[in-house]
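K.L.:
Quick one: sequence and predicted model below, then my questions.
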Amino acid sequence: MVQDLVIAVVAAAAVGALYLAAAARVVRQYERGVVLRLGQLRDEVRPPGFTMVLPGVDRLRKVNMQIVTMPVPAQDGITRDNVTVRVDAVIYFKVVDPASAVVEVEDYRFAVSQMAQTSLRSIIGKSDLDDLLSNREKLNQGLELMIDSPAVGWGVQIDRVEIKDVSLPETMKRSMARQAEADRERRARVINADAELQASRKLAEAASEMSAQPAALQLRLLQTVVAVAAEKNSTLVLPFPVELLRFLERAQQGAPGAPAPETAQAPDAGGPVGRPGDAGTPAPDGARAPDAGAPAPDGARAQGPGAPDPRPAASSTPYAHH
């Protein structure tokens, strides 16, 4: 009798151990347990740790609550400005409702992947090439919104979506390189033209100052000669400006000891212009006419208008009668 009792106890312990082994479940810290009893969802979500289920009746589904990093395969598409591109992305999401992730969708990972690919192709068709290359933050937000809208009903929250790379055809790359080169050349020319404009204004101001002081032009010429001679050149070309000749000519004319230009001598007052022997004509060299107030020489008397002049013709000058 005792032996039968021992056998029954051992059998019960074995059955209990088998039941415990079949019913015991361990849920990890980053997981949640969803129980389906006879195919029906239980409202209680099993927390992390040790839990028990009814063997053969309950079925425990463990759902990972960690953030999942899923690469989106590269998608070929045509942008709004008719450029063929190849774009790939990465999506970060996590499950916030384990029950919906188990019941509402068959495989939430596959569903999110397909939705991400479809949304990426849609974003490519609605965007320009410049937006794909330089305005990715706005496209990422639009892509995240497009994926997150249906994923909310699946118990999935889209945390972040990033466009990784945009692949362009080689012809497009060369065209963009030529465009960038042309734009850089245009900016260089604009900067050079602006520099020339500023330099011309400064040169105009310098020319205005030099025109007021002609000596400044000569000083500037000497400075240029010194700058050229500093390079130890064997040949030195010295320009001679016309303005310098004009300056020297004006300086010579304005000198105090400069000779006056030759002009015709005016005849005596009241005397007619005639030959050297006539009245009013200047005497030749060596013969000087006497002054009007000087006395007449001895033996010389005043003659009438018709009488001949006893003096030589070379010194014939009328005397004043007192």
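P.N.:
Arrived safely. Residues are numbered from 1 along each chain as shown.
K.L.:
so where's the stretch 201-322 of the chain uncertain?
P.N.:
Flagging of the stretch 201-322 of the chain using pLDDT under 70 yields the residue ranges 231-244, 255-322.
K.L.:
Model confidence at the residue nearest the centre of the chain, what's the number?
P.N.:
Nearest to the centroid of the C-alpha atoms of the chain, with distances taken as CA atoms, centre = their mean, sits residue 187, at 6.7 Å. Residue 187 is assigned 93 on the pLDDT scale.
K.L.:
My reading is that it lies in a helix. Confirm?
P.N.:
Yes: secondary structure assignment places residue 187 in a helix (DSSP: H, G, I helix; E, B strand; the rest coil).
K.L.:
quick one: it from residue 66, how far?
P.N.:
Applying CB to CB, to the nearest Å, the value for residue 187 to residue 66 is 50 Å. All C-beta atoms are positioned from the backbone trio N, CA, C, and that covers glycine.
K.L.:
Helices of the stretch 1-150 of the chain, start to end?
P.N.:
Along the stretch 1-150 of the chain, the segments classed as helices by DSSP state H, counting those that start in this stretch run 2-23, 98-103, 108-126, 129-134, 136-151.
K.L.:
Could I get the buried residue list for the second one?
P.N.:
Just to be clear, that refers to helix 98-103. Residues of helix 98-103 classed as buried under the neighbour-count rule (16 or more other CB atoms under 10 Å) are 98, 99, 100, 101, 102.
K.L.:
residues in contact with the third one?
P.N.:
Neighbour list for residue 100: 153, 154, 155 [criterion: CB atoms under 8 Å, 6 or more residues apart in numbering].
K.L.:
Taking these, please make a PyMOL selection of just the buried ones.
P.N.:
Paste this into PyMOL to select the buried members of the contacts of residue 100, with burial taken from 16+ other CB under 10 Å:
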select buried, resi 154+155
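K.L.:
Just the contacts of residue 100: which are in strands?
P.N.:
With strands taken from DSSP state E, there is no overlap with the contacts of residue 100.
K.L.:
and of the contacts of residue 100, the nearest to residue 219?
P.N.:
The shortest distance between residue 219 and any of the contacts of residue 100, using CB to CB, involves residue 154 and amounts to 87.4 Å.
K.L.:
rewinding a little: which one of the contacts of residue 100 is nearest residue 13?
P.N.:
Distance from residue 13 was checked for each of the contacts of residue 100 by CB to CB. The minimum falls on residue 155, at 41.8 Å.
K.L.:
what's the closest of the buried residues of helix 98-103 to residue 162?
P.N.:
Proximity of the buried residues of helix 98-103 to residue 162, judged by CB to CB, is greatest for residue 101, which lies at 23.1 Å.
K.L.:
Would you agree the closest one is in contact with residue 108?
P.N.:
Yes: with contact defined as CB atoms under 8 Å, residue 101 reaches residue 108; the gap is 4.9 Å.
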